[in-house]
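**Q** Give me coordinates for this.
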Amino acid sequence: MNPEQENGRQRIEAEIPYATLYGIGTTLHSITGGEAEYSYEFLKYEVENNSSLYFDRFCSIYTTIVYIKIAVLVIN
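**A** Coordinates of the predicted model:
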């Protein structure tokens, strides 16, 4: 994260997994009293091999994690 000031507002940018985006609007509204807005864009995806979850030597499970870049603008 890198908080910075922008026209009397605090701007925070972070890279997060897309799955954690669920409910962020409600959370931001609660934390800031409705004085924030956010936007996000696709950043990257990664494929992970979950070798601890594999069924046999011929089949393993791969998980794709999508990451986004989120920007939150808080009105001071």
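**Q** Please name the nearest non-neighbouring residue to the spatially most central residue of the chain.
**A** Compute the mean C-alpha point of the chain, and by CA atoms, centre = their mean the closest residue is residue 16, 2.8 Å away. Nearest non-adjacent residue to residue 16, counting by CB to CB, 6 or more residues apart in numbering: residue 70, 5.8 Å away. (Glycine included, C-beta is placed from N, CA and C.)
**Q** who's in contact with whichever strand or helix holds residue 70?
**A** Using DSSP states H and E, residue 70 maps to strand 61-75. Outside strand 61-75, the residues within contact range by CB atoms under 8 Å, 6 or more residues apart in numbering are 6, 8-19, 21, 24, 28, 32, 35-50, 53-55.
**Q** At which residues are the helices of this protein located?
**A** 24-32 (DSSP state H).
**Q** any low-confidence regions in it?
**A** 1-4, 6, 49-61, 76 (pLDDT under 70).
**Q** rewinding a little: who does the strand holding residue 70 pair up with?
**A** The pairing partners recorded for strand 61-75 under DSSP bridges are strand 9-17 (antiparallel), strand 36-50 (antiparallel).
**Q** got CSV for those strands, with distance to residue 65 too?
**A** Output for the strands paired with strand 61-75, formatted as CSV (distance: least, CB to CB, whole Å):
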stretch, distance to residue 65
strand 9-17, 6
strand 36-50, 5
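**Q** out of those strands, deepest packed?
**A** Ranked by mean neighbour count, the strands paired with strand 61-75 are led by strand 9-17 with a mean of 14 (mean count of other CB atoms under 10 Å).
**Q** what's the angle between that strand and helix 24-32?
**A** Angle, strand 9-17 to helix 24-32, by axes from the mean of the first three to the mean of the last three CA atoms, to 10 degrees: 140 degrees.
**Q** can you give me how far strand 9-17 is from the chain middle?
**A** Taking CA atoms, centre = their mean, to the nearest Å, the mean C-alpha location of strand 9-17 is offset from the chain mean by 9 Å.
**Q** In CSV, could you pull the C-alpha coordinates for that strand?
**A** Only the C-alpha atoms of strand 9-17 are listed here, as CSV (Å, rounded to 0.1, in the frame of the first residue of the first chain):
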residue,chain,number,x,y,z
ARG,A,9,-8.2,13.4,-0.2
GLN,A,10,-6.2,10.4,0.9
ARG,A,11,-5.6,7.9,-1.9
ILE,A,12,-4.6,4.3,-1.0
GLU,A,13,-3.6,1.8,-3.7
ALA,A,14,-3.0,-1.9,-3.0
GLU,A,15,-2.7,-5.2,-4.8
ILE,A,16,-5.2,-7.8,-3.5
PRO,A,17,-6.7,-11.1,-4.6
